[in-house]
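Student: any chance you could fold what I've pasted below:
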Amino acid sequence: MNPPNLPGEGITPKSYEEFMTALKEFHVNSNQGLTDVFLEQAALMCRDSMVLTPPIVKSGGQGLSKDAKKVGELAIMGDVHSVVVGERSGSTNGRRGRLFRKLGSASLQNNFSRFWKLAGDNPDLMAGNALYARMFAGPGFGTEKGFKRLKNYFDRIGSQEASNVFNRPVIDSEAGVKEVHMKFRDKFGGRIKRNGGPGIKFWERFEAKDGVLRDYIKRRQRAVGRIKSGWVDTLNKLPKPKFGGVEKNAGRSGINQWIKRHAQSTGYVQISRQQAEVFALGLTFGNRNGDVDNIATDTDVKNLVYGNRVKQMPAMLANILEKQAKKFNRQ
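Tutor: The predicted structure is shown next:
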């Protein structure tokens, strides 16, 4: 049974030994050349690795689709928003809660200029609420007298929220957002929400200028597909298998640009052949992209790939045998 949230819905993880047993059986029964059987399965394993490495859609698989790309982009946005929010993001109640805590902090520090600046910058949060509209309406707005009239109310909020959280300046650069984001990424092993973090209430998160935060998230989202892309180069370096003298484009079609655009020369393929009493073939392949933030390890990608090949080979074999039977019957 798969652990929860594994990408390979309906695939039972298998070991290398179980995969090799199935591969040998496939080779013997398919009556196809050993080298080409190995090359075909290696190519399909590269493709499976791309499909099963996050991001993928929630139902499992479809890891090469545009929907998978969207999942990855939303995951990045959610991670960033878990620690940094836009100055004007969130619900009206959430923004008002954050504003009132800032007003309380300013009141407790007797900083009436900051108090009125905060109130003046957020008139929309007072609109539609009769109590808040009365509190901030009239000739007393922006004056020291008006500040003193509201001070008792907001001092209580400030004392309850005795913290420097609400005195932080709004982040106004991508570098500032990155500094906060990376600090929490490091703390939670690369993936903040996935690893149980950060546990910060909305109004206590760092604030950034909305445009600055949006640009930072977009830049981070351009990396979606990079981990998958290591298998593109490996796949391109594998010789194509030949069956009946015809090259087969195994596993190479339908790979979207959002993955291929990251491909670099990180793949490797090593093939060795020995002819003694028995022909022996060795095939080693992989990529050097690395298991970033343990994404592949946590989702058990390697054993799911073995499992999918073990699952698919009987169907492939049945298809081969059916074609051979039809060809025989036509003779």
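Student: if you count neighbours, what's buried in the longest helix belonging to the chain?
Tutor: Longest helix in the chain, counting residues (DSSP state H): helix 301-330. By 16 or more other CB atoms under 10 Å, the buried positions in helix 301-330 come out as 301-310, 312-313, 316-317, 320. For every residue, glycine as well, the C-beta is placed using N, CA and C.
Student: show me what that helix packs onto, helices and strands only.
Tutor: Using 3 or more CB pairs under 8 Å, 6 or more residues apart in numbering; DSSP states H and E, the elements in contact with helix 301-330 are helix 16-30, helix 34-52.
Student: which SSE is the closest residue to residue 311 other than its chain neighbours in?
Tutor: Nearest residue to residue 311 in three dimensions, chain neighbours excluded: residue 11, at 6.2 Å (CB to CB, 6 or more residues apart in numbering). For residue 11, there is no helix or strand it lies in under DSSP states H and E.
Student: I'd like to know how many residues surround residue 11.
Tutor: For residue 11, the tally of surrounding residues (other CB atoms under 10 Å) stands at 24.
Student: start the count at 51 instead of 1 going forward.
Tutor: With 51 as the first residue, the last one maps to residue 61.
Student: surely it touches residue 354?
Tutor: Yes. Using CB atoms under 8 Å, residue 61 is in contact with residue 354, at 5.3 Å.
Student: hey, what's in contact with both of those two?
Tutor: Residues touching both residue 61 and residue 354 (CB atoms under 8 Å, 6 or more residues apart in numbering): none.
Student: and the residue nearest to residue 361, what's its pLDDT?
Tutor: The confidence metric pLDDT takes the value 79 at residue 61.
Student: one more: residue 155?
Tutor: With respect to pLDDT, residue 155 scores 87.
Student: where does it fall, helix, sheet strand or coil?
Tutor: Assigned by DSSP: H, G, I helix; E, B strand; the rest coil, the conformation of residue 155 is helix.
Student: with adjacent residues omitted, what lies nearest to it?
Tutor: Using CB to CB, 6+ apart and skipping the chain neighbours, the partner closest in space to residue 155 is residue 216 (4.1 Å).
Student: report the separation between that neighbour and residue 302.
Tutor: The gap separating residue 216 from residue 302 is 55 Å, by CB to CB, to the nearest Å.
Student: okay, the two: which has more neighbours?
Tutor: More crowded of residue 216 and residue 302, by other CB under 10 Å: residue 216, with 23 against 15.
Student: wait, the more buried one touches residue 152, no?
Tutor: Yes. Counting by CB under 8 Å, residue 216 touches residue 152, with 4.5 Å between them.
Student: returning to that earlier point: any idea how far residue 362 is from the residue nearest to residue 361?
Tutor: 10 Å.
Student: what of residue 369?
Tutor: Residue 369 is 10 Å from residue 362, by CB to CB.
Student: then stretch 174-186 to PDB, C-alphas only?
Tutor: C-alpha atoms of stretch 174-186 as PDB (Å, rounded to 0.1, in the frame of the first residue of the first chain):
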ATOM      1  CA  ASP A 174     -11.000  50.800   3.000                       C
ATOM      2  CA  LEU A 175     -10.600  48.700   6.100                       C
ATOM      3  CA  MET A 176     -12.800  51.100   8.100                       C
ATOM      4  CA  ALA A 177     -15.500  51.400   5.400                       C
ATOM      5  CA  GLY A 178     -18.600  49.300   5.800                       C
ATOM      6  CA  ASN A 179     -18.200  49.000   9.600                       C
ATOM      7  CA  ALA A 180     -20.200  51.600  11.500                       C
ATOM      8  CA  LEU A 181     -18.100  51.400  14.700                       C
ATOM      9  CA  TYR A 182     -14.800  51.700  13.000                       C
ATOM     10  CA  ALA A 183     -16.100  54.500  10.800                       C
ATOM     11  CA  ARG A 184     -17.200  56.500  13.800                       C
ATOM     12  CA  MET A 185     -13.800  55.900  15.600                       C
ATOM     13  CA  PHE A 186     -11.800  57.300  12.700                       C
END
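Student: touching it from outside, list them.
Tutor: 142, 145-146, 149, 169, 200, 203.
Student: just the buried ones from the residues you listed?
Tutor: Buried, going by 16+ other CB under 10 Å: 145-146, 149, 169, 200, out of the contacts of stretch 174-186.
Student: among these, which are located in helices?
Tutor: Those of these lying in helices (DSSP H): 145-146, 149, 169, 200.
Student: grab the most central residue of the protein for me.
Tutor: Closest residue to the average C-alpha location of the chain: residue 122 at 3.7 Å, with CA atoms, centre = their mean.
Student: secondary structure element for it?
Tutor: Assigned by DSSP H and E, residue 122 falls in helix 116-131.
Student: in that helix, what counts as buried?
Tutor: Going by 16+ other CB under 10 Å, helix 116-131 has these buried residues: 118-119, 121-123, 125-127, 129-131.
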